[in-house]
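> Compute the structure for the input listed below.
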Amino acid sequence: MKAILIRQLADKQQSVSVEELDSSELGEGDVTVRVSYSTLNYKDALAITGKGPVVRKFPMVPGIDFAGVVVSSDSPSFKTGDEVLANGWGMGETSWGGLAQLVRVPGSYLLKMPAGLSAREAMSIGTAGYTAMLCVFALEDNGVLPGSGEILVTGANGGVGSYATSLLSARGFNVCASTGRPEHEARLKKLGAASIIPREQLASPGRPLGKERWSGVIDSVGSHTLANACGSTRYGGVVAACGMAQGLDFPGSVAPFILRAVKLVGVDSVYAPTALRQRAWQALAKVPAQVHEQIGTEVDLSGVIETCHQLLAGQVTGRVLVNVNT
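As a prediction, the model looks like this:
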């Protein structure tokens, strides 16, 4: 089988290449899956380029997502021929991930493919779309509805932001998309954004409280962007935080929370419980197929490493789909 393999060198640097591996080298688990598609996410790019301390064990096959068909199973929940998908669970960090033609994982990592969704569509969605749906749930479950007012989506040209924009618009929300790439304004409006604001308005240090504007926020950026988004959220609004593209820090104030009753809700996609995952994927299966095609572009395994560098340099728009068999 072919796979992307990350090795640690003697000087604690790393090497990354496409390698031919034997299936006997697969990791622990009770289900083996022949992978059809995987994806590239921000975390994958950090792991593959070595720009972040993502990988905890070496050698490592990266890839926090995959979709494919079960080829052998000792799990009572899955049988040979089942179409499945997986996201997170430490894949690509502590256990081998989905940027390979075969993967072996515990059955608890897997979900059966929702009816009406293909492996290609599932990985066009990937962790980014799944995380975006969890963020939408975080807003809705805390009382933010289409009539509540404007919703800010930060990092709107990225994978999570693109899907969040599309999903919110389809549900009737008024979306304000924040991006550092104004040349993609037409794309964001096609996805459903009603208005666009430049990233610079949020990315620098701001005041503890700004003018009330947004009833809800989906933020994949963190740092000053998240702090400023909270500072301009309306009374009783909800901010769903799911990323750290600008930084892990939160240079903010308690003012929005104690003076405007703003709720800051953390959204974790890696270890989310199975019931929540199933809820998200059932909802995503109802999204029209053309939405996935708007958001995703495709590469093969040989194009993964270069694409990861481009992704971290801000040169990739939307989702990246990986066909591991071409």
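> Leaving out sequence neighbours, find the closest residue to Gln246.
Leaving aside its sequence neighbours, Gln246 sits nearest to Ser223 (Cβ to Cβ, 6 or more residues apart in numbering; 3.9 Å). For glycine as for every other residue, the C-beta is placed from the backbone atoms N, C-alpha and C.
> Ok, Glu20 next?
Nearest residue to Glu20, sequence neighbours excluded (Cβ to Cβ, 6+ apart): Lys2, at 6.1 Å.
> you'd agree the one you found is up against Leu301?
Yes - applying Cβ atoms under 8 Å, one finds Lys2 in contact with Leu301, separated by 5.8 Å.
> Pull up the overlap in contacts between those two.
Taking Cβ atoms under 8 Å, 6 or more residues apart in numbering as the contact rule, Lys2 and Leu301 both touch 18, 324.
> Compare neighbour counts for these two and give me the winner.
For the pair Lys2 and Leu301, the greater number of neighbours falls to Leu301 (20 against 17), based on other Cβ atoms under 10 Å.
> quick one, phi/psi of the more buried one?
Backbone geometry at Leu301, expressed as degrees, to the nearest 10, gives phi -60, psi -40.
> what residues are up against it?
By Cβ under 8 Å, 6+ apart, the neighbours of Leu301 are 2-4, 18, 99, 322, 324, 326.
> Got the phi and psi for the most centrally placed residue in the chain?
Closest residue to the average C-alpha location of the chain: Ala128 at 2.3 Å, with Cα atoms, centre = their mean. Dihedral pair for Ala128: phi -60, psi -50, per degrees, to the nearest 10.
> What is the nearest of the contacts of Leu301 to Thr154?
Val322 (25.5 Å; Cβ to Cβ).
> Show me where the stretch 151-300 of the chain has its strands.
Taking DSSP state E, counting those that start in this stretch as the test, the strands found in the stretch 151-300 of the chain are 151-153, 175-179, 195-198, 214-219, 233-241, 263-266, 296-300.
> Columns mean pLDDT, mean neighbour count and distance to Ala45 on top of these, output as JSON lines?
Converted to JSON lines, the strands of the stretch 151-300 of the chain look like this (pLDDT from 0 to 100; neighbours: other Cβ atoms under 10 Å; distance: least, Cβ to Cβ, whole Å):
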{"stretch": "strand 151-153", "mean pLDDT": "98", "mean neighbour count": "30", "distance to Ala45": "21"}
{"stretch": "strand 175-179", "mean pLDDT": "96", "mean neighbour count": "25", "distance to Ala45": "18"}
{"stretch": "strand 195-198", "mean pLDDT": "96", "mean neighbour count": "15", "distance to Ala45": "24"}
{"stretch": "strand 214-219", "mean pLDDT": "98", "mean neighbour count": "29", "distance to Ala45": "19"}
{"stretch": "strand 233-241", "mean pLDDT": "98", "mean neighbour count": "22", "distance to Ala45": "20"}
{"stretch": "strand 263-266", "mean pLDDT": "98", "mean neighbour count": "16", "distance to Ala45": "22"}
{"stretch": "strand 296-300", "mean pLDDT": "89", "mean neighbour count": "16", "distance to Ala45": "12"}
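> looking at those strands, which is closest to Gly90?
strand 263-266 (18.1 Å).
> and that closest one, how far out from the chain's middle?
Computed by Cα atoms, centre = their mean, to the nearest Å, the chain-centroid distance of strand 263-266 equals 18 Å.
> what's that strand in contact with?
138, 142, 230, 236-242, 257.
> could those be laid out in a markdown table, adding distance to Gly68?
Compiled in a markdown table, the contacts of strand 263-266 are given as follows (distance: Cβ to Cβ, whole Å):
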| residue | distance to Gly68 |
| --- | --- |
| Ala138 | 29 |
| Asn142 | 35 |
| Cys230 | 40 |
| Gly236 | 44 |
| Gly237 | 40 |
| Val238 | 36 |
| Val239 | 36 |
| Ala240 | 30 |
| Ala241 | 31 |
| Cys242 | 26 |
| Phe257 | 43 |
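> Show me which pair in these is furthest apart.
Every pair of the contacts of strand 263-266 checked by Cβ to Cβ; the farthest is Gly236 and Cys242, at 20.7 Å.
> First residue to last residue on stretch 60-67, what's the distance there?
End-to-end distance of stretch 60-67: 19 Å, with Cα to Cα, to the nearest Å as the criterion.
> That stretch: how far from the chain's middle?
Relative to the chain's own centre, stretch 60-67 is displaced by 13 Å; criterion: Cα atoms, centre = their mean.
> Buried ones in stretch 245-262, by neighbour count?
Judged by neighbour count (16 or more other Cβ atoms under 10 Å), stretch 245-262 contains these buried residues: 245-246, 252-253, 256, 260, 262.
> for the stretch 51-200 of the chain, what are the low-confidence residue spans?
Scanning the stretch 51-200 of the chain for pLDDT under 70 picks out no residues.
> contacting residues around the residue nearest to Glu20?
Residues near Lys2 by Cβ under 8 Å, 6+ apart: 18-21, 100-101, 301, 324.
> of all those residues, which comes closest to Leu110?
Ala100 (15.6 Å).
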